[in-house]
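Can you look at this prediction? I've put the sequence above it.
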Amino acid sequence: MSQQLVEPLKQSLQGTIEIPGDKSISHRAVLFASLAEGKTTIYGFLRGDDCLSTIACMKSLGIKIEENEDYIVVHGKGLQGFQEPQSILDVGNSGTTIRLLSGVLAGQEFSSVLIGDDSIAKRPMARVTGPLKMMNATIDGRSLASYTPLHIRGGSLKGIDYHSPVASAQVKSAILLAGLYASGTTKVTEPSKSRDHSERMLESFGVHLEVTEKSVSLVGGQKLQGTTVQVPGDISSAAFMLVAGAVVPGSDITLKNVGINPTRSGMIDVLLEMGANLEILNKRRFGSEPVADLRIQYSALKGTTISGDLIPRLIDEIPAIAVLASQAAGKTVIKDAEELKVKETNRIDTVVNQLKILGVGIEATDDGMIIHGNSVISGGTVESFHDHRIGMAMALCGLISKGNVTVKDTDAIAVSYPTFFEDLRGLMKEVN
Ligand SMILES: O=C(O)C1=C[C@@H](OP(=O)(O)O)[C@@H](O)[C@H](O)C1
Ligand SMILES: C=C(OP(=O)(O)O)C(=O)O
């Protein structure tokens, strides 16, 4: 098993790095480009394990994808261009791949089987297979298609007006993708707005959608046209570097080309609320997505409460936020975040249990956690449990601990941020 020893820093973090491509947007770029007619060129694609799983699945469905160092080219075949896969489609560790792909496969007359790793086997699929079955897809799987392996045979779909019980962009996107194949209109309404990358990107491929505060609808049969996509840096990866800059004394770092889509930027709101010295510089657009450079300098922080509609805007950043909160003055309360329980691990349990091992004052609650600030991180050995975000959060602790922190199973970090340790080391080199 891979592991990394992180030693307490004797210096501050300084310098500028470019954050790797956004994982959510990279998945969508390959998937939508495959559904489109003609060629799509994607710049800034994240070569993380999850997005590579999406590429592998699209190749198994007969799509030609050229992978170059700086860009990839997808030769889309249109909505009806996929071929029946010759073998099982393996999504690895990626919830986004299996859920979005299920929406596409629901529109295909052929049969496909989807599996993933041990983590995927525990993640709920009924939230996607339920509405897809309402649209007429035939889907089987463990516990009535609640868990993998999933067997999907689609075709002849009808549009639905679906009220999702969870704010989930994966659910919303899967239904909208199936909606492209359905007769009539498909509409999804959510309890709070989830990330809207699918809506923005479908529009740039030429699809017309009706968007309101909490709902999206589209009419089936619309064609996608190949285009060029420039993927912004992933704010969920940037979050770990932002926390490092905020908590390592004397630090001053700049992260370039970070996506600041308002449905994803809850981390920025939280940092500012906690008193971080954060500047949002050089705001501009990469296609339909807003980006900026983020400069963060070490400063005193205070605890906060994070709840309600803010949660979907920072759900993947909570492991990083827990580390940030451990260094703030006072208590930080995170609530309404039950969704953490169904990520790569139960992130309420893994964050709380691993941070406790390192000496952080932290308690789990039913829907989140309470983190006690001014915690002294003593050091020790912790595990990622093959959850990339847990691995990175624990590594951050090593930078500010009294003793060394050993993080086990750090290979998992390649799921979303393959150059994490390299980038951190880069910021250590450019020293005072
Ligand atoms: O659509 C996406 O790209 C994602 C949506 C979120 O999941 P849910 O849709 O389950 O909320 C997020 O946690 C995940 O990392 C990526
Ligand atoms: C939950 C995550 O991803 P996915 O659902 O795609 O596995 C994540 O990246 O934190």
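Everything's here; your move. Ligands and ions are numbered 1, 2, ... in the order given.

CA atoms for contacts and neighbours, from now on please.
OK.

For the stretch 101-250 of the chain, what lies in contact range of ligand 2?
Counting by Cα under 6 Å from any ligand atom, the stretch 101-250 of the chain comes close to ligand 2 at no residue.

got the residue ranges for the helices in the stretch 101-250 of the chain?
According to DSSP state H, counting those that start in this stretch, the stretch 101-250 of the chain carries its helices in the segments 118-122, 126-134, 142-145, 169-181, 197-204, 235-247.

Pull out the buried residues from the first one.
Buried positions in helix 118-122, judged by neighbour count with 16 or more other Cα atoms under 10 Å: 119-122.

gap between the two ends of stretch 110-119?
Distance between the two ends of stretch 110-119: 27 Å, counting by Cα to Cα, to the nearest Å.

quick one, what contacts residue 273?
Shown in contact with residue 273 (Cα atoms under 8 Å, 6 or more residues apart in numbering): residue 304.

Quick check: the gap between it and residue 300.
Residue 273 is 12 Å from residue 300, by Cα to Cα.

for residue 174, same thing?
Taking Cα to Cα, one finds residue 174 at 42 Å from residue 300.

Show me which of those two is the more surrounded one.
In this view residue 174 and residue 300 are compared by other Cα atoms under 10 Å, and residue 174 has more residues nearby, 26 against 14.

so that one touches residue 127, yeah?
No - using Cα atoms under 8 Å, residue 174 is not in contact with residue 127; the gap is 10.0 Å.

I'd assumed residue 413 was in a helix, is it?
Yes - per DSSP: H, G, I helix; E, B strand; the rest coil, residue 413 lies within a helix segment.

Any residues of the chain in contact with ligand 1? List them.
24, 96, 168-171, 315-316.

8 Å instead, please
Contact residues, the chain versus ligand 1 (Cα under 8 Å from any ligand atom): 23-25, 27-28, 95-96, 100, 166-173, 194-195, 197, 312, 315-316, 339, 342-343.

Check the stretch 1-150 of the chain for the residue nearest ligand 1 and tell me.
residue 24 (3.7 Å; Cα to the nearest ligand atom).

Work out for me the element that residue sits within.
Under the criterion of DSSP states H and E, residue 24 resides in helix 23-35.

what's the angle from that helix to helix 235-247?
160 degrees (axes from the mean of the first three to the mean of the last three Cα atoms, to 10 degrees).

Just the angle for helix 23-35 relative to helix 197-204, thanks.
Using the same axes, to 10 degrees: helix 23-35 against helix 197-204 is 40 degrees.

could you say what helices and strands helix 23-35 packs with?
strand 37-43, helix 49-60, strand 71-77, helix 95-105, helix 197-204 (3 or more Cα pairs under 8 Å, 6 or more residues apart in numbering; DSSP states H and E).

Identify each buried residue in the third one, please.
Within strand 71-77, the residues scored as buried using 16+ other Cα under 10 Å are 72-77.

after it comes which helix or strand?
strand 89-90.

That following strand vs ligand 2: in contact?
No - residues of strand 89-90 contacting ligand 2 under Cα under 8 Å from any ligand atom: none, with a closest distance of 13.1 Å.

Would you mind checking the average pLDDT for that strand?
Mean pLDDT, computed over strand 89-90, is 98.

Need the residues that contact that strand.
Contact with strand 89-90 is made by 53, 57, 60, 112-116, as judged by Cα under 8 Å, 6+ apart.

which among those residues gets closest to residue 384?
residue 116 (18.3 Å; Cα to Cα).

I figured that closest one hits residue 148, correct?
Yes - Residue 116 lies in contact with residue 148 (Cα under 8 Å); the separation is 7.4 Å.

if we can go back for a sec, from the contacts of strand 89-90, keep the buried residues only.
53, 57, 60, 112-116.

nearest to residue 159, of these?
residue 112 (21.7 Å).

what about stretch 5-24, how long is it end to end?
29 Å.

could you give the mean pLDDT of that stretch?
The average pLDDT for stretch 5-24 rounds to 96.

Name the residues of that stretch that are buried.
Quick answer for stretch 5-24 (16+ other Cα under 10 Å): 6-9, 12-17, 19-24.

For that stretch, what is the distance to the chain centroid?
19 Å (Cα atoms, centre = their mean, to the nearest Å).

Which of the helices or strands spans residue 255?
Per DSSP H and E: strand 252-259 holds residue 255.

Does anything pack onto that strand? Which helices or strands?
Looks like strand 252-259 contacts strand 14-18, helix 235-247, strand 289-297 (3+ Cα pairs under 8 Å, 6+ apart).

what's near enough to touch the nearest residue in space to residue 347 that is not next to it in sequence?
What sits nearest to residue 347 in space, not counting adjacent residues and going by Cα to Cα, 6 or more residues apart in numbering, is residue 340, at 5.1 Å. With contact set as Cα under 8 Å, 6+ apart, residue 340 has these partners: 315, 346-348, 368.

Among those, pick out the one closest to residue 152, please.
For those, the nearest to residue 152 is residue 346 (27.1 Å; Cα to Cα).

so which helix or strand takes in the closest residue in space to residue 195 that isn't next to it in sequence?
Distance criterion Cα to Cα, 6+ apart; nearest residue to residue 195, sequence neighbours excluded, is residue 263 at 4.8 Å. Assessed by DSSP H and E, residue 263 sits outside every helix and strand.

Would you mind confirming that residue 263 makes contact with residue 192?
No - at 10.2 Å, residue 263 does not count as touching residue 192 under the criterion of Cα under 8 Å.
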